[in-house]
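In: Build me a model from this:
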Amino acid sequence: MDINMSFSPNMDDEYEKLIRRMNPPRVVIDNETCKNATVIQVDSANRPGILLEVVQVLTDLNLIITKAYISSDGGWFMDVFNVIGQDGNKIFDDEILDYIKKVLGQDSCFTSSLRSVGVKPSDDHTAIELTGSDRPGLLSEVSAVLTHLKCNVVSAEVWTHNTRAAAVMHVTDEETGLAITDQERLTRIKKRLCNVLKGSNKSRGAKTVVLHGVTLTARRLHQMMLADRDYERTYDEVLAQKQRPNVEVVNWYDKGYSAVTIRSKDRPKLLFDTVCTLTDMQYVVFHANINAEGPEAYQEYYIRHADGSPVNSDAERERLMHCLEAAIERRVSEGLKLELCTTDRVGLLSDVTRIFRENSLTVTRAEVTTKDGKAVNTFYVQDSSGYPVDSKTIDSIRQTIGQTILHVKGSSENPKAVAQESPTRFLFGGLFRSRSFVNFGFVRSYP
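Out: Model prediction:
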C-alpha cells in the first residue's frame, strides 16, 4: 500500500502557534531599576531567528541599545536590553512601550512568513535590488535611467563598501503611482540598470532583481553585499592597512562554543548589523554580552553552527572575522552628511544627485524617503578625488538646490547615557567581566 504524505507550508506556523500558546512570551519593561536606561526583558520559547527579530523591533523604533544580556541555551530564550531614545533618555512614551509589548509579547503574531526575508505582496510599489561596482556618479546614473523610464523613486537605501555598491529602491509608475507590473517593461528596466551597473568593470559582475512587494531593506542589503563578497579585501586595502574593527574568534573546547569578541567604535544599529550577519551565515547565538555605554562598543558572542558544531577551520574563522568586519563597516557614515527636505516630485533624486556629480561629489550612503508628499533624503558625500569636501562647493550646491531645502548636518552622532551598573549583571556573573579567554579553557581546535 502506497502512502502519500504531503505537508502544508502552514504546518510549521501551526506548530509554532501551539508552542506559543503553551509557553506564551513575556515582556517586562522596567523604568525604575536602572538609573539611565529603560530595561526590557523578553522571555520566550526559543526558536531560530528570534534574537534577530527582537533586535530588529528595537532598532526599527530607533532605540539605542546600550547593554544587552542574551541567553538561549536550551529551549528557552531570555534577553535583557538596556535602551535609551535618540535624546539619550529613558523611554516613557506609552505608545512605544505598548507597541513593544504587543509585538514581542503574548499578543504577537510572528510567523515564518513574517520572519522570512524577501517579499510580501504589495500593489504600492515595485522593489528593485541592485549590486555592482561602485564609482563616482553611480547613483546619479541609476536615478537618471529610472526617471527616463518613467519610474518614480518613493524610497531607497544605498550602501557602498570596499569598491562595491548595493541598493534597494522602491519605485512606482509615474502615471498611476502604483507598482509596475508589465513584464516587458520590467525586463527593459532590468536590462538598462544592469548595463549602468556594469560600467567599464568587466572583472566583477552586476545584478538587478525586480520584486513586487516590501523588502526588509537593511537585512536585504547585508545579504546582497555578503553574496557579492564585499568582505574580500582588495590589494590596495591590504597595503593601506585600514583601521578595522577588532574581531577575534576562538573555540571554547570544553563547552563546544566558538567565542566571538568584537571591539569597535559604537554607532546606531551596530547590534542589528552584527546579529543579522551571524544569523545569515547560519550561526546560532547561545549567549552574548553587549556593552555600548561609551564611545567604544564591546560585543561578545558564544555561537555554534545551526548543526551544533563550532567553527572548525582556520579558513572558516578568517571568513567569519572578515564578514563581521564588513557588516560593521557597511553602515559607517563616511563623508559629509547632507539632508534634503522638500516637496516630492518625479525626477527629484535624479536632479539632486546630478548636481552632486557635476560638483565632483560622490555619494557613499543614501536614505531616500517620502511621506505625505514630502521627500526627506539623507546623503553622505565625499569629494571624488579623495580630498575633504570644500565648503565653497557645498555653498554652491545649496544655492543651486535651495538654501532652505538642503542642509549640512555634519557627521551623525550617537547620544550616550552615563555608564551605570545594570541590575541584570548577575545573569552571567563573572563570566563576562574578564576580557581574556585564558581563564575559561579556550583552545583552538583547528587542524
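In: give me the element the closest residue to residue 57 other than its chain neighbours is part of.
Out: Excluding the flanking residues, the one nearest residue 57 by CB to CB, 6 or more residues apart in numbering is residue 103, at 5.4 Å. Glycine gets a C-beta too; all of them are placed from N, C-alpha and C. Element membership for residue 103, per DSSP states H and E: helix 94-104.
In: Can you give the contact residues for that helix?
Out: Contact with helix 94-104 is made by 25, 27, 29, 40, 42, 54, 57, 58, 61, 91, 107, 108, as judged by CB atoms under 8 Å, 6 or more residues apart in numbering.
In: ok so, going back, and the residue nearest to residue 57, how many neighbours?
Out: The burial count assigned to residue 103 is 18, neighbours taken as other CB atoms under 10 Å.
In: ok, now residue 309?
Out: Counted with other CB under 10 Å, residue 309 comes out at 10.
In: Now do the helix or strand in which residue 140 is found: which elements does it pack against?
Out: Element membership of residue 140, judged by DSSP H and E, is helix 138-148. Counting contacts by 3 or more CB pairs under 8 Å, 6 or more residues apart in numbering; DSSP states H and E, helix 138-148 packs against strand 151-161, strand 164-173, helix 183-198, helix 348-358, strand 361-371.
In: could those go into JSON lines alongside mean pLDDT and distance to residue 50?
Out: Listed next are those as JSON lines, based on pLDDT from 0 to 100; distance: least, CB to CB, whole Å:
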{"stretch": "strand 151-161", "mean pLDDT": "95", "distance to residue 50": "25"}
{"stretch": "strand 164-173", "mean pLDDT": "94", "distance to residue 50": "24"}
{"stretch": "helix 183-198", "mean pLDDT": "92", "distance to residue 50": "35"}
{"stretch": "helix 348-358", "mean pLDDT": "96", "distance to residue 50": "37"}
{"stretch": "strand 361-371", "mean pLDDT": "95", "distance to residue 50": "27"}
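In: just so I know, which of the ones you listed lies nearest residue 246?
Out: Each of the helices and strands packed on helix 138-148 was scored for nearness to residue 246 using CB to CB, and the closest is strand 151-161 (18.2 Å).
In: elements contacting that closest one?
Out: helix 138-148, strand 164-173, helix 217-227, helix 314-330, strand 361-371.
In: okay if I get the ones you listed as CSV plus mean neighbour count and distance to residue 132?
Out: Putting the helices and strands packed on strand 151-161 into CSV (neighbours: other CB atoms under 10 Å; distance: least, CB to CB, whole Å) gives the following:
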stretch, mean neighbour count, distance to residue 132
helix 138-148, 21, 8
strand 164-173, 23, 6
helix 217-227, 20, 10
helix 314-330, 19, 15
strand 361-371, 20, 14
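In: follow-up on the earlier one: quick check: the gap between the residue nearest to residue 57 and residue 67.
Out: From residue 103 across to residue 67, the span is 21 Å (CB to CB, to the nearest Å).
In: Also residue 348?
Out: 41 Å.
In: which residues touch the closest residue to residue 207 other than its chain neighbours?
Out: Excluding the flanking residues, the one nearest residue 207 by CB to CB, 6+ apart is residue 131, at 4.8 Å. Taking CB under 8 Å, 6+ apart as the contact definition, residue 131 lies against 164, 165, 166, 167, 197, 206, 207, 224, 225, 227, 228.
In: Could you report the neighbour count for residue 93?
Out: Around residue 93 there are 11 residues (other CB under 10 Å).
In: what's the distance between it and residue 87?
Out: 11 Å.
In: Just to check, residue 146 is in contact with residue 170?
Out: No. Contact criterion CB atoms under 8 Å: residue 146 and residue 170 do not qualify, at 11.0 Å.
In: okay, and the common contacts of these two?
Out: Listed contacts common to residue 146 and residue 170 are residue 153; contacts here mean CB under 8 Å, 6+ apart.
In: Show me which positions of stretch 27-39 end up buried.
Out: Residues of stretch 27-39 classed as buried: 27, 29, 34, 36, 37, 38, 39 (neighbour count, 16 or more other CB atoms under 10 Å).
In: same check, this time on stretch 394-412
Out: Result for stretch 394-412 [16+ other CB under 10 Å]: buried residues 394, 397, 398, 401, 406.
In: just stretch 243-254 next, same as before
Out: Result for stretch 243-254 [16+ other CB under 10 Å]: buried residues 245, 247, 249, 250, 251, 252.
In: Now for the residues you listed: which two are most distant?
Out: 245 and 252 (21.3 Å).
In: contacts for the helix holding residue 140?
Out: By CB under 8 Å, 6+ apart, helix 138-148 touches 130, 132, 152-153, 158, 165, 167, 169, 171, 189, 192-193, 196-197, 199, 346-347, 349-350, 353-354, 356-357, 363, 366.
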